[in-house]
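**Student:** What follows is a protein structure lacking sequence information:
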C-alpha cells in the first residue's frame, strides 16, 4: 500500500505547488502556456528519447505487452464509438480515448511498480507501448485536422516526423534497435532537459485548476464520466480477463498487468490537449477524477491479487 500512497503523494504535492503559483500569479498570465510548450516541444521529447534509447526492446514481444495493447485498444475503441455516435468531434474524441486507456506509467507507475510490484522494470512494457505506439498515432491524429486540405498528401503523411513528441520517441527506438550508445556529452544534457518534463506537466496542470469550476459539470460531463469509468474500471477488468483467461497469467504476473492497467490517466494528456487547443477541460477533469478514483481501485487490486 505504501507504493500507491507514495506515488499519489508526490503528484499531489507538485500539482499543489502549481496551484499556488497560479493563485499568486507568480508566473504571469502566460505561465501555464509557457510550461506546456516547454514540456511538449523540449522536455518531453528529450525524456522520451533518453528513456527509449536505453530501453530493452525485447519487452515488446512479451505477453504483458499484448495484454496492455489489447486492453488499451478495447477501452479506447469504446470511447471512439461513443464519440462518433454523439458527434464529439475528432480532436475531442481522440483526447477522450487517450484518457480512457493511456495510463500514468511514468511519474506514478514507476514508484508503484517499485513499492507494490517490487521491480520498476515491470512498467516498461506499458511505457514502451504508449511511447512508441500510442503517442505518435494520437498526436498525428490531432495534427491532421489542423492541416485541412492544405499541402499535398505526402506532407500530411509525414506529420509524425514533424511532431516533437513522436520524433523523440521514434529516435529513441531507432537508437535502441541499432544498439548504439549515445556519448555522455550528448546524453547528459538531454537527460537534464528531460528531467524537466514531469514537473513542468504537473505544475501546468496545477495552474490550470485555478479559477476552474468543479469537475463533472458543463458540456464535458458525460465524456469525462465515460472516460473515467473506462479508465478506472473497464481497463483493469479487461486486462484481468485477458491476462487470466487468455494468456494464463497467475500470481505476480497477473498482479503486474492489472495494477499497471488500473493506473489513472497520465498528466501529459493535458499537455497534448492544451497544445492542440481541443478537449482541455475533458482532459483536465478526466485526469483529476481518475487519479482520485484509482486510489481505492489500486488498493483493492493489490489486496485481492497481491
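**Tutor:** Received the coordinates, thanks. Quick caveat, the model's predicted, so the values are computed rather than measured.
**Student:** residue nearest the centroid of the chain?
**Tutor:** The centroid of the chain falls nearest to residue 266 when counting by C-alpha atoms, centre = their mean (3.5 Å).
**Student:** thinking that one is in contact with residue 105, fair?
**Tutor:** Yes - the criterion here is C-beta atoms under 8 Å, and residue 266 meets it with residue 105 at 7.1 Å. C-beta coordinates here come from the backbone N, C-alpha and C atoms, glycine included.
**Student:** what sits in contact with each of the two?
**Tutor:** Jointly contacting residue 266 and residue 105 under the rule C-beta atoms under 8 Å, 6 or more residues apart in numbering are residue 130.
**Student:** hang on, the earlier thing: give me the distance between the residue nearest to the centre of the chain and residue 102.
**Tutor:** 5 Å (C-beta to C-beta, to the nearest Å).
**Student:** Now for the two: what residues contact both?
**Tutor:** In contact with both residue 266 and residue 102: residue 130, using C-beta under 8 Å, 6+ apart.
**Student:** sorry, back to before: how much space separates the closest residue to the residue nearest to the centre of the chain other than its chain neighbours from residue 142?
**Tutor:** Distances taken as C-beta to C-beta, 6 or more residues apart in numbering place residue 104 nearest to residue 266, at 4.3 Å, with adjacent residues excluded. Using C-beta to C-beta, residue 104 is found at 19 Å from residue 142.
**Student:** repeat for residue 194
**Tutor:** Distance of residue 194 to residue 142, computed by C-beta to C-beta: 22 Å.
**Student:** what does residue 191 give?
**Tutor:** Distance from residue 191 to residue 142, by C-beta to C-beta: 27 Å.
**Student:** between these two, who's got more neighbours?
**Tutor:** residue 142 (23 against 17; other C-beta atoms under 10 Å).
**Student:** which one is the more buried one nearest to, not counting chain neighbours?
**Tutor:** Nearest residue to residue 142, sequence neighbours excluded (C-beta to C-beta, 6+ apart): residue 276, at 4.7 Å.
**Student:** can you check residue 166 too?
**Tutor:** residue 136 (3.8 Å).
**Student:** Over to residue 44?
**Tutor:** Using C-beta to C-beta, 6+ apart, the closest residue to residue 44 is residue 197 (4.6 Å).
**Student:** Show me which residues of the lengthiest helix in the chain are buried.
**Tutor:** Taking DSSP state H as the criterion, the chain has its longest helix at helix 280-305. Using 16 or more other C-beta atoms under 10 Å as the test for burial, helix 280-305 gives 280-291, 293-294, 297-299, 301-302, 305.
**Student:** What residues does the residue nearest to residue 247 when sequence neighbours are not counted make contact with?
**Tutor:** Leaving aside its chain neighbours, residue 247 sits nearest to residue 63 (4.8 Å; criterion: C-beta to C-beta, 6+ apart). By C-beta under 8 Å, 6+ apart, residue 63 lies in contact with 243, 247, 249.
**Student:** neighbour-wise, which of those leads?
**Tutor:** residue 243 (26 neighbours).
**Student:** Tell me, how many residues neighbour residue 270?
**Tutor:** Residue 270, neighbours per other C-beta under 10 Å, totals 30.
**Student:** distance of it from residue 301?
**Tutor:** From residue 270 to residue 301 the distance is 25 Å (C-beta to C-beta).
**Student:** now do residue 51
**Tutor:** From residue 51 to residue 301 the distance is 26 Å (C-beta to C-beta).
**Student:** Look up the closest residue to residue 80, ignoring the ones flanking it.
**Tutor:** The nearest residue in space to residue 80 (C-beta to C-beta, 6+ apart) is residue 97, at 5.3 Å.
**Student:** And that neighbour, which helix or strand is it part of?
**Tutor:** Assigned by DSSP states H and E, residue 97 belongs to helix 90-101.
**Student:** How far does that helix sit from its chain's centre?
**Tutor:** 11 Å (C-alpha atoms, centre = their mean, to the nearest Å).
**Student:** Equivalent analysis for stretch 264-280, please.
**Tutor:** 9 Å.
**Student:** Report the buried residues of it.
**Tutor:** 264-276, 278-280.
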